[in-house]
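Undergrad: need a structure here:
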Amino acid sequence: MSRWKNTTTIIGGLLAWLGCNAMLGIDESTCVGPCDESSAAEGSSDGSRPGGGDTPTGDPAPATAAGSERPRTGTAASSAAEGASSEELGLDEIIAAQCPDDGSEDDSAQEGSAEPFCVGNRRVSCGVGGAAASVTVCASADHCGRGTGAECAACSSQSVCQGAELWRCDTRRSEMVLAETCASAALCDAALGACVAATCLPDQTRCQGASFESCNASGTEFVRVEQCQNAIACDPEAGCQAPECSAGQRRCAGGALQECNENSTGFDNVQNCGVPALCNATEGRCNECVPGVRRCESASTVAVCDGAGLTETTIACRPLLEACEDGECVLLGLPL
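TA: Below is the predicted model of the structure:
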């Protein structure tokens, strides 16, 4: 059984090297999963090998941790590690379906193809003898499709972004290597071949006039969180603050009549009414007298404040019979 498998593998490799797949009606460089348009456009309808091209894929997920030059995957569980995306989990499922279980003696378990295949711009080589499959990041899906064995076709001087990872072509080795890990995927610029400087730190906050803003998760820009009543009410860390008062609102503080300032941040003194009883917060003024209060204007005259607190009326006591005492006309005591 083992000899037959080895012979089949050798014959399959020779056929691929001689370009006989087209003669047998088998499409070369079949992408499993989404393929980019550049690969599809460069392939011919007769099954011939596609021509060269350097167009990178859109945004395939990285197949390795940062720092590895030749990305490899382990088992399907490895993609569930911290930071793994849904696309990586899909790649593990594809690998499990395509790669045979070489450690099994049951031929029925070996349903997948042992030949290298492409998922976007990642070239997958199934493991041998139960070993984990290896994944190599190529410059583009076309470079993956034109690869040989586990190797991608020779890359150009292009850069590609795999999430937040920036990959560049090492022309000496003709393969893609991890050049830098950016702060976020949005800051990875393949066209520039560099990580773009962040505009702000994620979750950083600020005030732009009356607008309270927070930096987005990618660090590319500030976005408005809420609009405050005015610039003074905006706290760069705590956000919009509740106003102390309503503009134009009046109150009494002791004998002082106060009014809320235009920024609603506090009260300013408007007028000193002298005594608290003369401060009228309801009407927003100082009264001339205390409504309903009676006083002695003279020894024989009583002054009474009206209900509005604005004017006083006088009442004369009866001459020789009465005198004003505590705001009232009282009878004079007759001499003995």
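Undergrad: what residues does Leu321 make contact with?
TA: For Leu321, the contacting residues are Leu331, Leu332, taking C-beta atoms under 8 Å, 6 or more residues apart in numbering as the criterion. All C-beta spots, glycine's among them, are computed from the backbone N, C-alpha and C.
Undergrad: the stretch 51-200 of the chain: strands as residue ranges?
TA: Using DSSP state E, counting those that start in this stretch, the strands assigned to the stretch 51-200 of the chain run over residues 117-119, 122-125, 134-137, 159-162, 165-170, 175-181, 188-189, 194-195.
Undergrad: would you turn those strands into TSV with mean pLDDT, mean neighbour count and distance to Ala231?
TA: Putting the strands of the stretch 51-200 of the chain into TSV (pLDDT from 0 to 100; neighbours: other C-beta atoms under 10 Å; distance: least, C-beta to C-beta, whole Å) gives the following:
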stretch	mean pLDDT	mean neighbour count	distance to Ala231
strand 117-119	89	24	52
strand 122-125	86	24	51
strand 134-137	84	24	49
strand 159-162	88	25	39
strand 165-170	89	22	40
strand 175-181	89	19	39
strand 188-189	92	19	35
strand 194-195	92	18	34
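Undergrad: okay if I get those as TSV plus distance to Leu310?
TA: Rendered in TSV, the data for the strands of the stretch 51-200 of the chain read as follows (distance: least, C-beta to C-beta, whole Å):
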stretch	distance to Leu310
strand 117-119	88
strand 122-125	88
strand 134-137	87
strand 159-162	78
strand 165-170	79
strand 175-181	77
strand 188-189	75
strand 194-195	74
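Undergrad: pretty sure Gln241 is touching Cys228, no?
TA: Yes: Gln241 lies in contact with Cys228 (C-beta atoms under 8 Å); the separation is 7.4 Å.
Undergrad: what's the domain layout of the chain?
TA: Annotated domains of the chain cover 2-154, 205-240, 250-286, 294-331 [automatic domain parsing].
Undergrad: and Glu151, what does it touch?
TA: Contacts here follow C-beta under 8 Å, 6+ apart; on that basis Glu151 touches Arg123, Thr136, Glu175.
Undergrad: would you mind measuring from it to Ser134?
TA: Per C-beta to C-beta, to the nearest Å, Glu151 is found 11 Å from Ser134.
Undergrad: with Cys245 instead?
TA: Distance check for Cys245 against Ser134: by C-beta to C-beta, it reads 69 Å.
Undergrad: what's the least confident stretch among the domains of the chain?
TA: Out of the domains of the chain, the stretch the model trusts least by mean pLDDT is domain 2-154, with a mean of 55.
Undergrad: quick check: closest non-adjacent residue to Ala150.
TA: If you skip the residues right next to it in sequence, Ala150 has Ser125 as its closest partner in space, 4.0 Å away by C-beta to C-beta, 6 or more residues apart in numbering.
Undergrad: quick one: that neighbour and Pro116 touch, right?
TA: Yes: with contacts counted by C-beta under 8 Å, Ser125 reaches Pro116, the gap being 4.7 Å.
Undergrad: anything in contact with each of these two?
TA: Once C-beta under 8 Å, 6+ apart is applied, the residues that Ser125 and Pro116 both contact turn out to be Gly149, Ala150.
Undergrad: so His217 sits against Gln204, correct?
TA: Heads up, residue 217 is Ala, not His. No: in this structure Ala217 lies outside contact range of Gln204 using C-beta under 8 Å: 11.2 Å.
Undergrad: out of those two, which sits in the busier spot?
TA: Just comparing Ala217 and Gln204: by other C-beta atoms under 10 Å the higher neighbour count belongs to Gln204, 16 against 10.
Undergrad: for the more buried one, which non-adjacent residue is closest in space?
TA: Residue nearest to Gln204 in three dimensions, not counting chain neighbours: Cys215, with 4.2 Å by C-beta to C-beta, 6+ apart.
Undergrad: ok, the one you found to Ser184 distance?
TA: Applying C-beta to C-beta, one obtains 11 Å for the distance of Cys215 from Ser184.
Undergrad: shared neighbours of these two, anything?
TA: Contact with both Cys215 and Ser184 is made by residues Pro202, according to C-beta under 8 Å, 6+ apart.
Undergrad: and the helices in the stretch 51-200 of the chain?
TA: Counting by DSSP state H, counting those that start in this stretch, the segments of the stretch 51-200 of the chain that form helices are 86-98, 141-145.
Undergrad: which stretch among the ones you listed comes nearest Pro319?
TA: Shortest distance between Pro319 and the helices of the stretch 51-200 of the chain, using C-beta to C-beta, is found for helix 86-98: 104.4 Å.
Undergrad: who has more neighbours out of Gln241 and Cys228?
TA: When neighbours are counted by other C-beta under 10 Å, Cys228 comes out ahead of the other of Gln241 and Cys228, with 19 against 15.
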